[in-house]
Structure formats: structure tokens, C-alpha cells
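*Asks:* Everything below, folded, please.
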Amino acid sequence: MTTTAPSEVRPDPPETPDDRSLTEFGYRQELHRSLGRYASFAAGFSFISVLTTVFQFFAFGYAFGGPVFFWTWPAVLIGQLAVAACFAELAARYPISGAIYQWSSRLSNLSFGWFAGWIMVIGQIVVVAAAALALQMVLPAIWSGFQLVGSDPAPTSPDGAANAAVLGVVLLVLTTLVNVLDNRVMSAVNRIGVTAEIIGAVLIIVLLLTHSERSPGITFHTGEGTGSGLFGALMVGSFMAAYVMIGFDSAGEMSEETHHPRRTAPRTILTALGAAGLLGGLIVLGGLLAAPSLTDGRLGVDGLSYVLTSSLGDGVGRALLADVVVAIAVATLAIQTAACRMLFSMARDNQLPFSGRLAKVDPRTGVPSAPALVVGVLSAALLLLNFASPDAFLAIGTTCIVMLYLAYAMVTGPLLVRRLRGRFTADGTDETGAPLFSLGRWGIPVNALALVYGLFMTVNLAWPRAAVYDPAGGHWYFRWFTLLFLGVTLVAGAGYRAFRTRAAAATAPEVVPASYA
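*Replies:* Next up is the predicted model:
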């Protein structure tokens, strides 16, 4: 009989510079570090997903602003680039999952940062639902068989709203499955999808611009607007650009899974937003120039899907719309992944209910599976609002933007205070020994612009305009939906914090995570 020798005890592998980027904050490497620069770029770009969001909200922007709403795009891009520049600095200094929560906590205090993370993760869950609803804008235009409920595919109709919810739930089942498999599978899907989206976006731009029916001067013309003049029309028309250009912080969200995160994440945050801003602006311009008509009412209802199929022919138009479907699927996947990492990061600090389960990482796959299930289920539940009323489509979309903008301001605000007090340093080097990304002497003006812009847009988006949120009347709760949802989120968060504090006091004093001490 042969005997098997005892297994040798293998020493731990030597700590790499990437590992030290995490362990210096008191955390151990659990997520699998497998993402390179393009995968990090893809994480931010796929969350933004210009094809998803431009196709989803183009009709809305045009309906309220007319052709002149195009100019809200560069205005929003400038504001968000200021925010992204601040985030790039923070990503270099704090390469940790749960970016908004981690950054805000370290710039202010754990309680303030907790609320930033709480608002952000709830907002991300709403964004997942809103992204999944975008399928309704393209699938029925490709083939009428995708209209599973009723016959009217318009998302503002009862049939279209209900069908959007059904398609969205199917998509969420698929993205949840991918998110529990392996981060390498998620990354591969992301990279392939982003590549297809970029190629499709470039093709759409070229084809639209070569089929122009009018000159760019049309962008100085106004539509009927909101009845409050040009300024009011632009404020509402800016909703589309504001909704598109969010989520670039996802490159920082994936820092614990990225090689050389201090060097990679700052650059991919900026390049993801820059690329999306350029491509999205050209798509909006191309759609306005190539639309068969600006006055027949279809552009404000059917949006860019109508332009593609009418101007480019059914064959080419539907092929490009199929690429948009890929973009929507990948965007939903990326947003869900970002929300999962936020839940994981907060749970790892024991800051959420059921933290032990939410913070558990499967050593084989390198991903926390419980957060993926939680985000998928909650997002699907939000989709059920679409069965109540078509107005839920806009309410859900606007609410998620407000939540993210507010969370962003809860980072840029404390950061500006630190700069003004001289407590934010540009010292340090990345994994290659190069100086960390820094705005230098431009830090204070850029940071101030980011904060003022973010607060202004938060108020603009949340303003309860009846003409926007309850055009038919009789649904006051949709008019106030964003403020009500935000209020419930804050009250629920405060209630949990109070309960947690009392429970801790009854046993032992609350322990602040070591990395924040």
C-alpha cells in the first residue's frame, strides 16, 4: 500500500505593487485582478454607453428643446469633464472598489461617505432598470415580433411601457447570470460589446452625416419647447446629455480588479468620458441633419430609430439598430457590475444589512455573487412601475440621474474643502514610479466648477415640472417622484444607521473600519 505525502505548505506569493495599492488601506486582495487598460476603459465607456442613452432619450430632448437642444451636449460635457478630472485624481490616490463611498468617506468622514455610497448604490440600481428599458426603443423597430404586449411600441403608450418592462426583465436575468460567473467572462463580454459599440457608433455617424438633409445651422433653431422660452427648453433638453454622461467613475469602481490601478484608472476615466462625449455629440448632430423631417412629429416620438430606418433604409437601419441592442445589453451589464462592487465595498466594511453575505467573494470566480442577485432583483422590481403608467419611464430615468449627480457632489464638495484648507496633496507615485495624476494649480477652479455644475444640474433635473413629469395630469406622484424617491432613500438610510447605532451601543461600541481610523 502506498502512502501519499502530506501536501507541502506553499508560501504566499510575493506582494506586487498592485496588491500594495490595496493592502495599504487595510484590505486584502479577494477580487481577481485581471483587467488591463482597455478593459478598464470599457468599464467606464459601457456604463456611459452613448448608443444606449442617446437612442433612449433623443426623442425626449428634441420634443422639448427642438434642434437647439444639441448645444446642451457640449455644455454638459464640459461640466462632467471637470467632475471626471477630480475623480481621476482620487482614483490615483484611492484605488478601491466602491469608489464614491470610499472617496467621500476619506475626504470627509465615514457617516457622510456612507450616505454618499448609499445614495450612489440606490441610484445605480435605478440606472440598471432605466438602461434595461431602452430595449423598447430599438427591438420593436427591428422586428415587430419583439412587441410581446399589445401593438403600440411607443414607450409612452401603455402597451409600449408594459412591453419595455418585459424585455427589461429578460435582459436583467442574462446580465445577472454573467455577473455571477467570473469577472473574466464579464470583462470579455464588456470588451467585445464596447468594441462593437464604438464601431457601430462610427458607422452611424458617417452614414448620418453623408445622408444630411440640411446644414448644421439648424442647431440654432428652436422647437415649441416647454412654453418657458429658450432657457426653459434648454434646461429640459439637457436631460438627455445629463443622462448619457454618467458612470465614467466605473473605471475607478473596478480598481481592485485592474492591473496598475493608480496609473490606469485616472486615464481611463477621462478617456471613457472624452470618447463618449465626442461620439455622442456627433450622433446627435447627425440625427438632426439626416432626419427626413423636423416638423412631422416623429422625431420627438420615435427618435433616432426613426432616422436610421427612414434615411438609411430598413436593411442598413435595422443592422445598426442590432448593434444598439448589443450596446444596451453591455451597458446594463456594466452598470449592474458597478452597483455590485459598491455593495461589496460597503458590506466589506460591515456598513450594510447582511454584510457578511454581501461581502463574500467566491475564491474560484473572484466575484461577489450575492450583490449581483440583489441588484438584479431590485432593478426588475422597479421595472414593474412601467405597468402602472408609461410616465414611469421618464420618472425612473430622471431619478437615477439625480441620485448619481448628488452622490458625485458629495465627493467634489469635500474635495474642494480639502483643497481650500491645503489638505489635498499631489504627492505620491503610481505603480511605475511616475507622479500621480494631478490637476496642479488648476485643482481649485476645476473642482469648484465641478461642484457648482453638479449641484445646479441636480436641482434642474429634480425640479417637479408638470409639463415634463405629468403631461397628462392626474399622476402627481410622478411629478414629485424624484424628490419622493430621494426622500425615502435618505429616510431609509438614516433609519438603518440609527438602528445600527442603537444595536451596537447595546452590545459594544461601533467599530470604525481600520482603513478609516
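
*Asks:* Could I get the CA-only coordinates of the helix or strand where Val178 lies as PDB?
*Replies:* Applying DSSP states H and E as the criterion places Val178 in helix 158-181. Provided in PDB are the C-alpha atoms of helix 158-181 (Å, rounded to 0.1, in the frame of the first residue of the first chain):
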ATOM      1  CA  PRO A 158     -49.400  51.600 -22.100                       C
ATOM      2  CA  ASP A 159     -48.500  48.800 -24.500                       C
ATOM      3  CA  GLY A 160     -45.000  50.100 -25.100                       C
ATOM      4  CA  ALA A 161     -44.400  50.700 -21.400                       C
ATOM      5  CA  ALA A 162     -45.500  47.200 -20.400                       C
ATOM      6  CA  ASN A 163     -43.500  45.600 -23.200                       C
ATOM      7  CA  ALA A 164     -40.400  47.600 -22.100                       C
ATOM      8  CA  ALA A 165     -40.700  46.000 -18.600                       C
ATOM      9  CA  VAL A 166     -41.000  42.500 -20.000                       C
ATOM     10  CA  LEU A 167     -37.900  42.900 -22.300                       C
ATOM     11  CA  GLY A 168     -36.000  44.600 -19.500                       C
ATOM     12  CA  VAL A 169     -36.700  41.700 -17.100                       C
ATOM     13  CA  VAL A 170     -35.400  39.200 -19.600                       C
ATOM     14  CA  LEU A 171     -32.200  41.300 -20.100                       C
ATOM     15  CA  LEU A 172     -31.700  41.500 -16.300                       C
ATOM     16  CA  VAL A 173     -31.800  37.700 -16.000                       C
ATOM     17  CA  LEU A 174     -29.000  37.400 -18.500                       C
ATOM     18  CA  THR A 175     -26.800  40.200 -17.100                       C
ATOM     19  CA  THR A 176     -27.200  38.800 -13.600                       C
ATOM     20  CA  LEU A 177     -26.100  35.400 -14.800                       C
ATOM     21  CA  VAL A 178     -22.900  36.900 -16.400                       C
ATOM     22  CA  ASN A 179     -22.200  38.800 -13.200                       C
ATOM     23  CA  VAL A 180     -22.100  35.700 -11.100                       C
ATOM     24  CA  LEU A 181     -19.900  33.600 -13.500                       C
END
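
*Asks:* what is the orientation angle of the next helix or strand after it with helix 158-181?
*Replies:* Later in the chain than helix 158-181, the nearest helix or strand by DSSP H and E is helix 183-210. Angle, helix 183-210 to helix 158-181, by axes from the mean of the first three to the mean of the last three C-alpha atoms, to 10 degrees: 140 degrees.

*Asks:* buried residues in helix 183-210?
*Replies:* Residues of helix 183-210 classed as buried: 183-184, 186-187, 189-191, 193-194, 196-198, 200-201, 204-205, 207-208 (neighbour count, 16 or more other C-beta atoms under 10 Å). From N, CA and C alone the C-beta is placed, and that goes for glycine too.

*Asks:* before we move on, what about stretch 416-434?
*Replies:* Within stretch 416-434, the residues that qualify as buried are 416, 418-419, 424, 430-431, counting by 16+ other C-beta under 10 Å.

*Asks:* what's the answer for stretch 58-77, then?
*Replies:* In stretch 58-77, counting by 16+ other C-beta under 10 Å, buried: 58-73, 76-77.

*Asks:* Stretch 265-283 now?
*Replies:* Neighbour-count burial for stretch 265-283 [16+ other C-beta under 10 Å]: 265-273, 275-277, 279-283.

*Asks:* got it, and stretch 36-54?
*Replies:* Buried, per 16+ other C-beta under 10 Å, within stretch 36-54: 37-54.

*Asks:* model confidence over that stretch, on average?
*Replies:* Confidence over stretch 36-54 (mean pLDDT, whole number) is 90.

*Asks:* Off-centre distance for it?
*Replies:* Stretch 36-54 sits 9 Å away from the centroid of its parent chain (C-alpha atoms, centre = their mean, to the nearest Å).

*Asks:* how about the CA coordinates for it, as PDB?
*Replies:* Extracted in PDB, the C-alpha atoms of stretch 36-54 (Å, rounded to 0.1, in the frame of the first residue of the first chain):
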ATOM      1  CA  GLY A  36      -6.000  45.700 -18.400                       C
ATOM      2  CA  ARG A  37      -6.200  49.200 -19.700                       C
ATOM      3  CA  TYR A  38      -8.800  48.500 -22.400                       C
ATOM      4  CA  ALA A  39     -11.000  46.500 -20.000                       C
ATOM      5  CA  SER A  40     -10.800  49.400 -17.600                       C
ATOM      6  CA  PHE A  41     -11.800  51.900 -20.400                       C
ATOM      7  CA  ALA A  42     -14.600  49.500 -21.400                       C
ATOM      8  CA  ALA A  43     -16.000  49.600 -17.800                       C
ATOM      9  CA  GLY A  44     -16.400  53.300 -17.900                       C
ATOM     10  CA  PHE A  45     -17.400  53.600 -21.600                       C
ATOM     11  CA  SER A  46     -20.000  50.800 -21.400                       C
ATOM     12  CA  PHE A  47     -21.700  52.400 -18.300                       C
ATOM     13  CA  ILE A  48     -22.000  55.700 -20.300                       C
ATOM     14  CA  SER A  49     -23.000  53.700 -23.500                       C
ATOM     15  CA  VAL A  50     -23.700  56.500 -25.900                       C
ATOM     16  CA  LEU A  51     -25.800  54.300 -28.200                       C
ATOM     17  CA  THR A  52     -28.000  53.100 -25.300                       C
ATOM     18  CA  THR A  53     -28.700  56.500 -23.800                       C
ATOM     19  CA  VAL A  54     -28.700  58.700 -26.900                       C
END
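
*Asks:* give me the number of residues near Phe437?
*Replies:* By the criterion of other C-beta atoms under 10 Å, Phe437 has 22 neighbours.

*Asks:* Double-check it against Ala92; I have them as touching.
*Replies:* Yes: applying C-beta atoms under 8 Å, one finds Phe437 in contact with Ala92, separated by 4.6 Å.

*Asks:* which residues are common contacts for those two?
*Replies:* 266, 430 (C-beta atoms under 8 Å, 6 or more residues apart in numbering).

*Asks:* which helix in this protein runs the most residues?
*Replies:* When the chain is scanned for its longest helix (criterion: DSSP state H), the result is helix 314-348.

*Asks:* Let me know the secondary structure of the spatially most central residue of the chain.
*Replies:* The structure's the chain has its C-alpha centroid closest to Gly247; by C-alpha atoms, centre = their mean the separation is 3.3 Å. Of the three states, Gly247 takes coil according to DSSP: H, G, I helix; E, B strand; the rest coil.

*Asks:* Need the per-residue pLDDT for it.
*Replies:* Reported pLDDT for Gly247: 91.

*Asks:* Tell me which helix or strand the nearest residue to it once chain neighbours are set aside sits in.
*Replies:* Take Gly247 and drop its neighbours on the chain: the residue closest to it by C-beta to C-beta, 6 or more residues apart in numbering is Phe47, 3.0 Å away. Using DSSP H and E, Phe47 sits in helix 37-48.

*Asks:* Could you check how far the following helix or strand past that helix is from the centre of its chain?
*Replies:* Downstream of helix 37-48, the next assigned helix or strand under DSSP H and E is helix 50-65. Mean C-alpha position of helix 50-65 versus that of the full chain (C-alpha atoms, centre = their mean) differs by 16 Å.

*Asks:* Could you point out the helix or strand that follows helix 50-65?
*Replies:* helix 72-93.

*Asks:* how far off helix 314-348 does whichever helix or strand comes after that following helix point, in degrees?
*Replies:* For helix 72-93, the succeeding helix or strand toward the C-terminus, using DSSP H and E, is helix 99-107. Following the same axes, to 10 degrees, one obtains 40 degrees for the angle between helix 99-107 and helix 314-348.

*Asks:* list the helices and strands helix 99-107 packs on?
*Replies:* helix 72-93, helix 110-133, helix 314-348, helix 392-420 (3 or more C-beta pairs under 8 Å, 6 or more residues apart in numbering; DSSP states H and E).

*Asks:* which strands and helices sit next to the next helix or strand after the third one?
*Replies:* What that stands for is helix 314-348. Counting by DSSP H and E, the element after helix 314-348 in chain order, helix or strand, is helix 355-358. Applying 3+ C-beta pairs under 8 Å, 6+ apart, one finds that helix 355-358 contacts helix 314-348, helix 369-383.
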